[in-house]
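1. I'd like to go over a predicted model; first the sequence, then the structure.
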Amino acid sequence: ADTAQDAAAKDVTKATIASVGLAMTYGGEFSEEFSGIASWPSGAMIAAGYTQGYGAVGEDGFAVSVSSDGKPVWAGVFGGKGKERFHGAAARSDGGAWLAGETDSFGSQTEAWLVRVDSKGKVAASIAYGGEFYDRAVGVDGLPDGAVMVCKTYSYGPGTPKRHNAMVIRTDDNGKTLWSSVIGGEKGGDAGFGIVALPKNAGFAMGGAVESWGAGDDDIWLLRLDSKGKLMWSFAYGTGADDEGRTVAASNDGGFVVSGFTEGWGAQDADAFVLKVDSKGTVKWLTRLGGAAEDKATAVKSLGADTLMAGQTKSWGTGTDAWLVRLDDKGTIKKAHTLGGTKSEKVAGLTPLKDGAWVGAGYTRSHGGGGRDSWIVRSNSAGQPVCAAHDVVTSDVKVSQPKVTGAPIITKAVGGVKSHAAAVKATLVTAKAGADDMCAGGN
């Protein structure tokens, strides 16, 4: 017989699957939103975020596992008596996943939170990490023997507790802390938003925004750590205006791509950017993407020699739309799409598939059960997003690629960065998973 959780997974969405792609909403009358997505080699995927429905107490962590053809496998609601959110997900080779975010149900303050689930969505480990003040995990990646998280911390580092520093935590397979490094300056305002585990035990790359060093205001931040958490190099890239990295990915040539938003380099409002650097952090190219209104990037991935950026645009589409832009290896636009209905949409997470397709996760207000509904959009193998379930507008758009005014001001931050092992408190916690009252979302 089906378990309650299996039945819930079947009822959490209504979707129409097309051979060339899919679009699905997950949610009921309250708000749901995905922040991260990951995939397995089979093409199956897992998306994670938060929900205010399905029996949640305020907000709970929310995750949905979906097969390669778009059928829900399981759906889980995770949390305690307080507020929880997941901000990232990473697939495991055993069919399970890592889910990372924040919790204020476990511990004295809001703490970083890491949950490991098995292939059926059952909680295998749930650990809260933090100190005396506010801490949260904003990104996660998996390793053969554990996970790595990037966190924003007000508990550890020279800029805390009045402001925040970045913190990277490496765990074993059960969530036990192997080491943690806090990176930041006394000025504070330093945050990592993305983390990548590099192959062959080569360490990690973190992308984010830094105020302690750089040209002024926030600068784009990219740094490398070795496999033990020791800082290898750290650079701030900026203009003197507000320039913030929000996501990072490794590229197939050994370098990295960082994406986010900038108010510099000639931007009219906030514009999205993609910054490509080599393995040592040296700039290869920088592309600014934007129009007359606000445009931001929230996710970036490498697709072969190309780069795929996703986010939210107000310059093109039908209001506030999700958008995806594909760039070649020189940073020139190859293709751009807006995705949206009459209200607002956003793609916050991306994962590439083996056949050349990609899957994006975020939210839609134009479709679904009410408020924000969590949303998954898949492309075909040519990279064309096809939204079969709903009348989502998908349009090729002529996104402008304005001239970048001035080269990035690059600040070598290695000398001033304080990187050390923090006495991070790690607490085993009990998280519920699944709910009996999940209802169908979508229309």
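-> All right, it came through fine.
2. tell me how far Val258 lies from Phe273.
-> If you measure Val258 against Phe273 using C-beta to C-beta, to the nearest Å, the figure is 8 Å. Quick note: C-beta positions are derived from backbone N, CA and C, even for glycine.
3. need the overlap of contacts for the two.
-> Common neighbours of Val258 and Phe273 are listed as Ile220 (criterion: C-beta atoms under 8 Å, 6 or more residues apart in numbering).
4. higher neighbour count, the two?
-> Neighbours were counted for Val258 and for Phe273 using other C-beta atoms under 10 Å; Phe273 has more, 31 against 28.
5. pretty sure that one sits against Phe261.
-> Yes - using C-beta atoms under 8 Å, Phe273 makes contact with Phe261 at a distance of 6.9 Å.
6. quickly list what's touching both of these two.
-> Common contacts of Phe273 and Phe261, defined by C-beta under 8 Å, 6+ apart, comprise Asp243, Ala297.
7. show me where the stretch 1-150 of the chain has helices.
-> Across the stretch 1-150 of the chain, reading from the start of the chain, the helices by DSSP state H, counting those that start in this stretch fall at 4-11.
8. so where is it shaky, pLDDT-wise?
-> Low-confidence segments of the stretch 1-150 of the chain, defined by pLDDT under 70, are located at 1-23, 26-29, 55-56, 107.
9. which residues in it form strands?
-> 22-26, 32-39, 45-51, 60-66, 72-78, 84-91, 97-103, 111-117, 123-130, 135-143, 146-153 (DSSP state E, counting those that start in this stretch).
10. do the stretch 301-443 of the chain as well
-> Using DSSP E, counting those that start in this stretch, the strands of the stretch 301-443 of the chain run over residues 306-313, 321-327, 333-340, 345-352, 358-364, 373-378, 393-396, 409-412, 420-421, 425-428.
11. likewise for the stretch 151-300 of the chain?
-> Counting by DSSP E, counting those that start in this stretch, the strands of the stretch 151-300 of the chain are 165-172, 177-183, 191-197, 204-210, 219-225, 231-238, 243-250, 256-262, 271-277, 283-289, 295-303.
12. which residue, other than its chain neighbours, is closest to Pro124?
-> Slight slip there: residue 124 is Ala, not Pro. Beyond its immediate neighbours in the sequence, the residue positioned closest to Ala124 (C-beta to C-beta, 6 or more residues apart in numbering) is Arg116, lying 4.6 Å away.
13. residues in contact with the one you found?
-> Residues near Arg116 by C-beta under 8 Å, 6+ apart: 92, 96-99, 123-126, 147, 173-175.
14. one more pass at 6 Å, please.
-> Counting by C-beta atoms under 6 Å, 6 or more residues apart in numbering, Arg116 makes contact with Trp98, Ala124, Ala125.
15. what does Ser39 give?
-> For Ser39, the set of contacting residues under the criterion of C-beta under 6 Å, 6+ apart consists of Met45, Thr351.
16. check the gap between it and Ile46 for me.
-> Ser39 is 8 Å from Ile46, by C-beta to C-beta.
17. on that earlier part again, closest to Ser105 among the contacts of Arg116?
-> Distances from Ser105 to these, taken as C-beta to C-beta, are shortest for Ala125 (16.0 Å).
18. roughly how far apart are that closest one and Ala91?
-> According to C-beta to C-beta, Ala125 stands 16 Å off from Ala91.
19. do the same with Ala299
-> Applying C-beta to C-beta, the value for Ala299 to Ala91 is 16 Å.
20. the more surrounded of these two?
-> In this view Ala299 and Ala91 are compared by other C-beta under 10 Å, and Ala299 has more residues nearby, 27 against 22.
21. so that one makes contact with Leu350?
-> Yes - if you go by C-beta atoms under 6 Å, Ala299 and Leu350 touch, sitting 4.2 Å apart.
22. which residues are common contacts for the two?
-> Ala310.
23. any idea how far the closest residue in space to Trp40 that isn't next to it in sequence lies from Asp69?
-> If you skip the residues right next to it in sequence, Trp40 has Ala91 as its closest partner in space, 5.0 Å away by C-beta to C-beta, 6+ apart. With distances taken as C-beta to C-beta, Ala91 is found 17 Å from Asp69.
24. so what's Tyr50 bridging to?
-> Partner residues in beta bridges with Tyr50, using DSSP bridges, are Glu33, Gly61.
25. quick one: contacts for it?
-> Neighbouring residues of Tyr50 by C-beta under 6 Å, 6+ apart: Glu59, Phe62, Arg85.
26. same check on Asp295?
-> By C-beta under 6 Å, 6+ apart, the contact list for Asp295 reads Asp271, Ala272, Thr313, Ser315.
27. mind listing the residues bridging to it?
-> Under the criterion used (DSSP bridges), Asp295 bridges to Thr313.
28. and the pLDDT for it?
-> The per-residue pLDDT reported for Asp295 equals 91.
29. rewinding a little: just the buried ones from the contacts of Asp295?
-> Among the contacts of Asp295, those scoring as buried are Asp271, Ala272, Thr313, Ser315 (criterion: 16 or more other C-beta atoms under 10 Å).
30. nearest spatial neighbour of the last one, chain-adjacent residues omitted?
-> What sits nearest to Ser315 in space, not counting adjacent residues and going by C-beta to C-beta, 6+ apart, is Gly291, at 2.7 Å.
31. residues contacting the closest residue to Glu132 other than its chain neighbours?
-> Nearest residue to Glu132 in three dimensions, chain neighbours excluded: Ser155, at 5.4 Å (C-beta to C-beta, 6+ apart). With contacts defined as C-beta under 6 Å, 6+ apart, Ser155 is in contact with Gly130, Gly131, Glu132, Phe133, Asp135.
32. before we move on, what about Thr364?
-> Residues near Thr364 by C-beta under 6 Å, 6+ apart: Thr25, Glu345, Asp373, Trp375.
33. also Gln312?
-> Each residue near Gln312 by C-beta under 6 Å, 6+ apart is listed here: Lys296, Lys346.
34. separation between the residue nearest to Ser315 and Gly317?
-> Distance, Gly291 to Gly317, using C-beta to C-beta: 10 Å.
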